[in-house]
Structure formats: structure tokens, C-alpha cells
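Student: Sequence and predicted structure are below.
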Amino acid sequence: MKVKDNSKTSSSLPVLDPLDPRLNAIRSDLADIRLKSDFNALHYASGKPGVVCEPVVNLKGTINTDGDNIHQFLQGETVWVFEDINELKWIQSRFDGYVGYVASCAISLETEFNQPTATAINENKPTHIVSAPTTFCYPKAELRNPPMYSLSMGSRVTIHSYQEVRGTKYAMLAGKGALIEKHLIEIDNFQSDYVKICELLVNTPYLWGGSSAFGIDCSSLVQLSMRMCGTQVLRDSDMQAATIGVEIDAGENYRNLKRGDLIFWRGHVGIYQGAIDNTPYIIHSSGHTMNVASEPLHQAIERIAYLYESPIGYRRP
């Protein structure tokens, strides 16, 4: 099947609603007090600062715990907590603004995370970010010990000291635990090429609502890789299509695309990887291959168009 080249057609990119409930703590019965002048609710609340205290936390869009996962938060991420009910917390990420319900036990109400100017030094303030796709946390500085748990790229941790055992350097966590030191970077030591981060995540399983190196979807691949480069972007593909960088004309036969440009379909996003052996490629978390995959650009466009539609627009971060 030959697919029409729509690389020069007019854009159909979405527009972001400023009161999108995915990005605002708003319900008919309760809303963020900061939105009192914009949204009518029965009650309003101020968010209490908290921090994610488990490696990966599933976020639900409704209070129904059997519902779909819509996002995931990683260890060390800070949040606002607006409600605690039925062993669930209604929260909003302080990184990307995403709103939903998580298990109460996954959030610690640590107010010191919101006091960077406090006189006392905050010993629990994150100092490092996991930069390897995944890493193990050992009970002590000994890689022969069974790990206690695993952490994903993007997790934020607090390192207090270092130990070296048989030539391997370990970063010792506040409290109990040891991580491989070379799997970490300092909290503000950002990477320079977000496409390289995506390439590190090739073969990561596709997971709807997944936001970690244990399982990830298309838009979180963009968000996590850009976050590792110090760029804050929104979570879902429609939000990204409405807000990231500037809209561009892909040009005839997509010749204007540069490495790192984003290609949007309705409900999907891919990252232009550049030419490999003179063939243009994209990298994306694909429901077709069920993993993060590098794929020839024209092959992906033709395959997706056959099942769904052609790209709706292009953006340059």
C-alpha cells in the first residue's frame, strides 16, 4: 500500500486546555485552593508537600483501584497531597503537574522537602539521579548480596558517603542501602542529547501508562529522556504536541527533520533519530513491537497510516 506523503500538509496539532483535569487538582467536590478564582467547587484545599518513597508508583485517574494506570511516579519525586481517603492519596506531581490517585503508603508527608531555605541542613534532600536504565539497591556495599529492590533511570536519591570494595565504588544511601556509584549523576548534572537517552532505553517493554525503564509508553519516553537533560515537558502526547518547542514544517519527504524533532500522530509520538546507513529512523515506544524500538521513518509512517492515520504535526524542542 502506498501512503500519501503528508509531510507538508497543514498541522492538526491540539491546543492545551488551561483547566485540563489531568494537570489541575479539580473535582466538583474538591479543588486546589490556588484555582479558587478559576474553578467552582464545593470545597478547596491547600496541597501538603510530600515525596514518593517507593521505587515506582502507579497513578490512577479515578478512585477505583481497578482502573487503568495513567502515569507512574519515581522514587524521590515531590508532590502535593490534596486528600487522603480509603488508603489512597489524591496528589499532583510538582514536576509535571499530573494529577491522580496513588496508594497512601507510597507517599511520605515530608515537609522538609519544601524548605530549601530552612536553617537546618536537610539531610534527606536528593543529591543524585539514577542515570543507568535500571540499577540495584544492595543492603550494603557488596554486589554479591541479593538486592533489596531496583530503581529506574530518573529516580532521585540522597547519597551520604562512598565505599569501595574490590575496585567497585558504591554510593551509600541515607538510611540503608548501597547503589553502584557509576549508575548515578549529581542532581544538576544534566545530559546534553536526549535522543541518546532514548537509545539507552531501546528494548524497554512497552507499558500503557508506564513511566520508567521497567516499562514505558511513547510520551513518557519523551518526558523521561528530556528530563534527564534538564528539560521539563508535560506527560501525555497531546500535551507535548501542544506545548513542546516550536511547530515545524517537515518538508517534502520529511527532509527538513533534524535529530530530536518530534513526530506526532493522534495518541502517539516518535523521536526523529536521524539517518542510519542513509536511511532516516525514528525511535519510539511502540505498541506494535511492544518495546522501545528504532525503526525506519517511512516504514513507521506507512504502517501506522495503514492502521490509523498519517502524522498530524511536527515539533522541534
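Tutor: Ah, there it is.

Student: which residues of the protein fall in helices?
Tutor: Per DSSP state H, the chain carries helices over the ranges 194-200, 218-227, 237-243, 297-307.

Student: Looking at these, which one is packed in the most?
Tutor: Most buried of those by mean neighbour count (mean count of other C-beta atoms under 10 Å) is helix 218-227; its value is a mean of 25. In short, each C-beta sits where N, CA and C put it, glycine included.

Student: quick one: contacts of it?
Tutor: The contact list for helix 218-227, computed with C-beta atoms under 8 Å, 6 or more residues apart in numbering, reads 71-72, 95-96, 153-154, 194-195, 197-198, 201, 210-213, 216, 232-237, 239-240, 244, 262, 268-271, 283-286, 292, 317.

Student: Now the buried members of the residues you listed.
Tutor: For the contacts of helix 218-227, a burial check counting by 16 or more other C-beta atoms under 10 Å picks out 71-72, 95-96, 153-154, 194-195, 197-198, 201, 210-213, 216, 233-237, 239-240, 244, 262, 268-271, 283-286, 292, 317.

Student: Pretty sure Gly210 sits against Ser152.
Tutor: No - assessed by C-beta atoms under 8 Å, Gly210 is found out of contact with Ser152, at 9.8 Å.

Student: What about the residue nearest to Asp238 when sequence neighbours are not counted, how many residues nearby?
Tutor: Among residues not flanking Asp238 along the chain, Pro14 sits closest, at 4.8 Å (C-beta to C-beta, 6 or more residues apart in numbering). Under the neighbour criterion other C-beta atoms under 10 Å, Pro14 is assigned a count of 17.

Student: who touches Pro14 in this structure?
Tutor: For Pro14, the contacting residues are 238, 241-242, by C-beta under 8 Å, 6+ apart.

Student: so where's the stretch 1-150 of the chain uncertain?
Tutor: Regions of the stretch 1-150 of the chain meeting the criterion pLDDT under 70 cover residues 1-11, 110-123.

Student: Return the backbone torsion pair for the closest residue in space to Arg156 that isn't next to it in sequence.
Tutor: Distances taken as C-beta to C-beta, 6+ apart put Gly76 closest to Arg156, at 2.7 Å, once the chain neighbours are dropped. Here is the backbone geometry of Gly76 (degrees, to the nearest 10): phi 90, psi -10.
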